[in-house]
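Asks: Quick one, fold the following:
(2 chains)
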Amino acid sequence: MSAQIWLGLLSGIAFGFVIQRIGATNADKMARAHLMLEGEIPRFMLLAIIISSVGLLGLQSANVGRTLIIPVSLVATGLGGILFGVGWGLCGYCPGTTWAAAGEGRMDAVFALLGGLAGTALFAQLHEFLIPLLHAPTNMGQITLADWFGSRPLAVAVLAVVFGICIWIIGFLWGKSTNAAES
Amino acid sequence: MKNNNTPLPYWKWVPASFALAGIIIFIFATFGPPASSSGFVSTLKGAIQVVAPDYVEAKAHYRMIPDTGSWIFAFVLGMAIGGFIAGRTFSIQVRDIPEIWEKRFGNSRVKRYAATFAGGFLILFAARLAGGCTLGLFISGSTQLAVSGLLFGVLIFAFAMLTARIVFGKGGAGKEGK
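Replies: Residues are numbered from 1 along each chain as shown, chains lettered A, B, ... in the order given. This is a model prediction of the structure:
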């Protein structure tokens, strides 16, 4: 097998392990996060992004790695975000966690995964019709905060401050989980 | 659970964030932006091309993602293995129906599995439309400062919170759950 496959497998195993340990593969904890009863999972996601964005800045200054900016389309990104939120709130799984939760042995996640394959198959069938209809007309291109603020380090700093404020607010408004070691 | 002296099993969110960020940075360095909804396309492409290679060749969505012999597929397969290892070494047993769901809708497996099938269908259809999921668009995108990822992130949290309120009631287990 090629090195890329081994790297993907290794990265996936580590990723799946960590998201299980924070409780993201547990649909009960995910629902409690959405209901503002437990703040750990959203705070974990936001802090992980802050640290990753600083790390990526380092990689880029060393000219290591590869990036790919997904273009923003007001209608496709907007409608996709809304539908995704409804599905996530309903089942408590997102695409990545269905794999880890199915591996963990959760039967409801196996059905979420099967539903996901069906949803993917339908979208792939309709791609040629939906992308020109919903994505292309409002496609604004590969915009980043660095374009808005003029410099990448400044944009990372702004992201870190805004996400940091969100983490602080979540700590205020959300409850704390009863089975986390803190508190 | 088995032993009261063992520390509580879930990790604290701050060290867990550093662990996940370390993995994400490793992935950016060795592959590129991590993604998981593409893994669904990869899985289907690998399966369908065996029976209908012409169909896969004709559809743009399958042409843009590599088949199962790729990092993309190895990653989602790895996540299942990682989840398996994590579950085997964890002190809390998994449930097929989450507590909060059972309190609201009872212990019918058919009802829960139908709901997660529908939810899974929606999140993948939506992710393929937007160009990624929680990981591939929100986490990868925001790490790269992409406006698409930030907009997607705001919307998925807002609508998931709204939907959870409708599905589970106002306080979830807190207010009415006994």
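
Asks: I'd like the next helix or strand past the strand or helix carrying residue B:111.
Replies: Assigning secondary structure by DSSP states H and E places residue B:111 in helix B:109-130. Using DSSP H and E, the helix or strand that follows helix B:109-130 towards the C-terminus is helix B:140-143.

Asks: What about contact with chain A: does that following helix have any residue there?
Replies: Yes. Judged by Cβ under 8 Å from any Cβ of the partner chain, helix B:140-143 comes into contact with chain A at B:141-143. Just so you know, the C-beta spots here come from the backbone N, C-alpha and C atoms, and that holds for glycine as well.

Asks: Show me what counts as buried in the next helix or strand after that helix.
Replies: Using DSSP H and E, the next helix or strand after helix B:140-143 towards the C-terminus is helix B:147-168. Under the neighbour-count criterion of 16 or more other Cβ atoms under 10 Å in any protein chain shown, helix B:147-168 has B:147-153, B:155-157, B:159-161, B:163-165, B:167-168 buried.

Asks: Quick check: which helices or strands does helix B:147-168 pack against?
Replies: With contacts defined as 3 or more Cβ pairs under 8 Å, 6 or more residues apart in numbering or on different chains; DSSP states H and E, helix B:147-168 has these neighbours: helix A:27-34, helix A:74-91, helix B:99-105, helix B:140-143.

Asks: and the second one, what does it pack onto?
Replies: With contacts defined as 3+ Cβ pairs under 8 Å, 6+ apart, the packing partners of helix A:74-91 are helix A:27-34, helix B:109-130, helix B:147-168.

Asks: that older thread, report the backbone C-alpha coordinates of the helix holding residue B:111 in PDB.
Replies: As requested, the backbone C-alpha atoms of helix B:109-130 are provided in PDB (Å, rounded to 0.1, in the frame of the first residue of the first chain):
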ATOM      1  CA  ARG B 109     -35.200   0.700  18.100                       C
ATOM      2  CA  VAL B 110     -37.100   1.100  14.800                       C
ATOM      3  CA  LYS B 111     -38.000   4.600  15.700                       C
ATOM      4  CA  ARG B 112     -34.400   5.600  16.700                       C
ATOM      5  CA  TYR B 113     -32.800   3.900  13.700                       C
ATOM      6  CA  ALA B 114     -35.300   5.500  11.300                       C
ATOM      7  CA  ALA B 115     -34.500   8.900  12.800                       C
ATOM      8  CA  THR B 116     -30.700   8.400  12.600                       C
ATOM      9  CA  PHE B 117     -31.000   7.100   9.000                       C
ATOM     10  CA  ALA B 118     -33.000  10.300   8.100                       C
ATOM     11  CA  GLY B 119     -30.500  12.500  10.000                       C
ATOM     12  CA  GLY B 120     -27.600  10.800   8.300                       C
ATOM     13  CA  PHE B 121     -29.200  11.200   4.900                       C
ATOM     14  CA  LEU B 122     -29.800  15.000   5.500                       C
ATOM     15  CA  ILE B 123     -26.200  15.700   6.800                       C
ATOM     16  CA  LEU B 124     -24.500  14.000   3.900                       C
ATOM     17  CA  PHE B 125     -26.800  15.500   1.200                       C
ATOM     18  CA  ALA B 126     -26.200  18.900   2.800                       C
ATOM     19  CA  ALA B 127     -22.500  18.400   3.200                       C
ATOM     20  CA  ARG B 128     -22.100  17.400  -0.400                       C
ATOM     21  CA  LEU B 129     -24.100  20.500  -1.500                       C
ATOM     22  CA  ALA B 130     -22.000  22.900   0.700                       C
END
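
Asks: what does stretch B:151-158 contact?
Replies: The set of residues that contact stretch B:151-158 without belonging to it, under Cβ atoms under 8 Å, 6 or more residues apart in numbering or on different chains, is A:42, A:72, A:77-78, A:80-82, A:84-85, A:88, B:130, B:132, B:134, B:137-138, B:141-142.

Asks: Now distance to residue B:62 too, for the helices and strands packed on helix B:147-168, in CSV please.
Replies: Shown next, in CSV, are those (distance: least, Cβ to Cβ, whole Å):
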stretch, distance to residue B:62
helix A:27-34, 30
helix A:74-91, 19
helix B:99-105, 34
helix B:140-143, 21
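
Asks: The ones you listed: which one's closest to residue A:162?
Replies: Closest to residue A:162 of the helices and strands packed on helix B:147-168, according to Cβ to Cβ: helix B:140-143, at 10.2 Å.

Asks: Domain-wise, how is the chain divided?
Replies: Going with chain A. Taking automatic domain parsing as the domain assignment, the ranges for chain A are A:1-26+A:70-140, A:36-67+A:144-183.

Asks: I was after chain B.
Replies: Here the domain parsing of chain B from automatic domain parsing is B:1-94, B:108-173.

Asks: What average pLDDT does the longest one get?
Replies: Confidence over domain B:1-94 (mean pLDDT, whole number) is 93.

Asks: The last one now?
Replies: Mean per-residue pLDDT for domain B:108-173: 95.

Asks: now it, how far from the centre of its chain.
Replies: Centroid separation for domain B:108-173 versus its chain: 9 Å, with Cα atoms, centre = their mean, to the nearest Å.

Asks: How about stretch B:101-121?
Replies: Chain-centre distance of stretch B:101-121: 17 Å, with Cα atoms, centre = their mean.

Asks: State the helix or strand in which the closest residue to chain B within chain A lies.
Replies: Chain B sits closest to residue A:12 of chain A, with a gap of 2.0 Å, by Cβ to the nearest Cβ. Secondary structure assigned from DSSP H and E places residue A:12 in helix A:3-22.

Asks: and that helix, C-alpha only, in CSV?
Replies: Output of helix A:3-22 as CSV, limited to C-alpha atoms (Å, rounded to 0.1, in the frame of the first residue of the first chain):
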residue,chain,number,x,y,z
ALA,A,3,2.4,5.8,2.1
GLN,A,4,-0.7,8.0,1.6
ILE,A,5,-3.0,5.1,2.6
TRP,A,6,-1.0,4.3,5.7
LEU,A,7,-1.0,8.0,6.7
GLY,A,8,-4.7,8.3,6.2
LEU,A,9,-5.3,5.1,8.2
LEU,A,10,-3.0,6.3,11.0
SER,A,11,-4.6,9.8,11.1
GLY,A,12,-8.1,8.4,11.1
ILE,A,13,-7.3,6.0,14.0
ALA,A,14,-5.9,8.9,16.1
PHE,A,15,-8.8,11.2,15.1
GLY,A,16,-11.4,8.6,15.9
PHE,A,17,-9.9,7.8,19.2
VAL,A,18,-9.8,11.4,20.4
ILE,A,19,-13.3,12.3,19.3
GLN,A,20,-14.6,9.3,21.2
ARG,A,21,-12.7,10.4,24.3
ILE,A,22,-14.3,13.9,24.3
